[in-house]
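Peer 1: only geometry, no sequence info:
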């Protein structure tokens, strides 16, 4: 069972918590009527992303065997057979279709179906062609983050702030450029074709431009009149230093011996995890009490 959990990348399901962001920042996450639909939306995106992970592992099994770290994956290492991986892929795909159908019956928006479909098609194109095109490759990753937030807003009929979208976009670019940077440092340009067209200076500069823009976007969200009106408080800007601290701590961690994967960087740093937890505790108090 442990190997199958690795195959579907359960650890990376943390990224799908972005589905909850719109309802959390709109101060409605505590309402029971949203619980069922949010849980379904979260699971749908978890299975949607897992479909891509398993498909890619099946397609790239021979390449992964030659990679310094990917060779340890369940398929490449032989711990799970290709046949069982295909069965797993079919199973989670069927379950996901059923869950999307249930979600559509509740929400009645065709976007409930379209967004996961776009995510799958986009990532299939990424795995076959687009991952080899610089800038486009990281933009696909960023779009995946945006689709998660968009999905959360659509299933709950919540309008997402333009500044929140901007923060997600710039923050995701920061994460994606950071991942490419560290891939280049640790594995060289042979591990990914697009890395041959990047260089470390370019990735460094663009990482920190995006980091700055993410902080500016969050600041604008905090001082935006619509945000203040909706929350009923004008002191939300006190959370800005904590967000800066989180981003700077993350930045420091990827400068160390890391492959740049966002989930691994966060989970490997207890201090970063604690700071993120403190942020959400403070934000929960400011939004809901």
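Peer 2: The structure has been received and is ready for your questions. In this text, all values refer to a predicted model and were calculated from it rather than measured experimentally. Residues are numbered from 1 along each chain as shown.
Peer 1: now do stretch 188-197: distance to the chain's middle.
Peer 2: 23 Å (CA atoms, centre = their mean, to the nearest Å).
Peer 1: brain fart, stretch 118-129
Peer 2: The answer for stretch 118-129 is 15 Å, by CA atoms, centre = their mean.
Peer 1: who touches it?
Peer 2: For stretch 118-129, contacts defined as CB atoms under 8 Å, 6 or more residues apart in numbering pick out 45, 48-49, 51-52, 55-56, 59-60, 137, 140, 143-144, 147. In this view, the C-beta of every residue, glycine as well, is placed from N, C-alpha and C.
Peer 1: could those residues go into TSV alongside secondary structure, neighbour count and distance to residue 239?
Peer 2: Shown next, in TSV, are the contacts of stretch 118-129 (DSSP: H, G, I helix; E, B strand; the rest coil; neighbours: other CB atoms under 10 Å; distance: CB to CB, whole Å):
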residue	secondary structure	neighbour count	distance to residue 239
45	helix	25	26
48	helix	25	31
49	helix	22	28
51	helix	22	35
52	helix	19	33
55	helix	18	39
56	helix	18	37
59	helix	13	42
60	coil	16	41
137	helix	20	32
140	helix	18	30
143	helix	18	27
144	helix	22	26
147	helix	19	25
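Peer 1: sort those residues by pLDDT and name the bottom one.
Peer 2: Among those, residue 60 has the lowest pLDDT, at 84.
Peer 1: quick one: contacts for it?
Peer 2: By CB under 8 Å, 6+ apart, the contact set of residue 60 is 70, 127.
Peer 1: ok, now residue 115?
Peer 2: 147, 150, 151, 154.
Peer 1: among the residues you listed, which one has the most neighbours?
Peer 2: residue 151 (25 neighbours; other CB atoms under 10 Å).
Peer 1: nearest spatial neighbour of it, chain-adjacent residues omitted?
Peer 2: Distances taken as CB to CB, 6 or more residues apart in numbering put residue 115 closest to residue 151, at 5.0 Å, once the chain neighbours are dropped.
Peer 1: buried ones in the lowest-mean-pLDDT helix or strand in the chain?
Peer 2: When the helices and strands of the chain are scored by mean pLDDT, DSSP states H and E, helix 61-65 comes last with a mean of 82. Under the neighbour-count criterion of 16 or more other CB atoms under 10 Å, helix 61-65 has 61, 64 buried.
Peer 1: what do you get for stretch 119-138?
Peer 2: In stretch 119-138, counting by 16+ other CB under 10 Å, buried: 119, 120, 122, 123, 124, 126, 130, 131, 134, 137, 138.
Peer 1: also stretch 212-223?
Peer 2: So stretch 212-223, judged by 16+ other CB under 10 Å, has buried residues 213, 214, 215, 217, 218, 219, 220, 221, 222.
Peer 1: give me the contact list for that stretch.
Peer 2: By CB under 8 Å, 6+ apart, the list of residues contacting stretch 212-223 from outside reads 161, 163-164, 166-167, 169-171, 174, 227, 236-237, 239-240, 243-244, 247.
Peer 1: pLDDT of it, averaged?
Peer 2: The model assigns stretch 212-223 a mean pLDDT of 97.
Peer 1: show me the shaky parts of the chain.
Peer 2: Low-confidence segments of the chain (pLDDT under 70): 190-191.
Peer 1: per the record, what domains does it have?
Peer 2: Domain segmentation of the chain under automatic domain parsing yields 1-157, 161-289.
Peer 1: start and end of the shortest one, how far apart?
Peer 2: The first residue of domain 161-289 is 21 Å away from its last residue (CA to CA, to the nearest Å).
Peer 1: over to stretch 230-248?
Peer 2: For stretch 230-248, the first and last residues are 29 Å from each other (CA to CA).
Peer 1: residues of that stretch that come out buried?
Peer 2: Going by neighbour count (16+ other CB under 10 Å), the buried part of stretch 230-248 is 231, 236, 239, 242, 243, 245, 246, 247.
Peer 1: what's that stretch in contact with?
Peer 2: 26-27, 171, 174, 211, 214-215, 218-219, 222-223, 227-228, 272, 275-276, 278-279, 282-283, 286-287.
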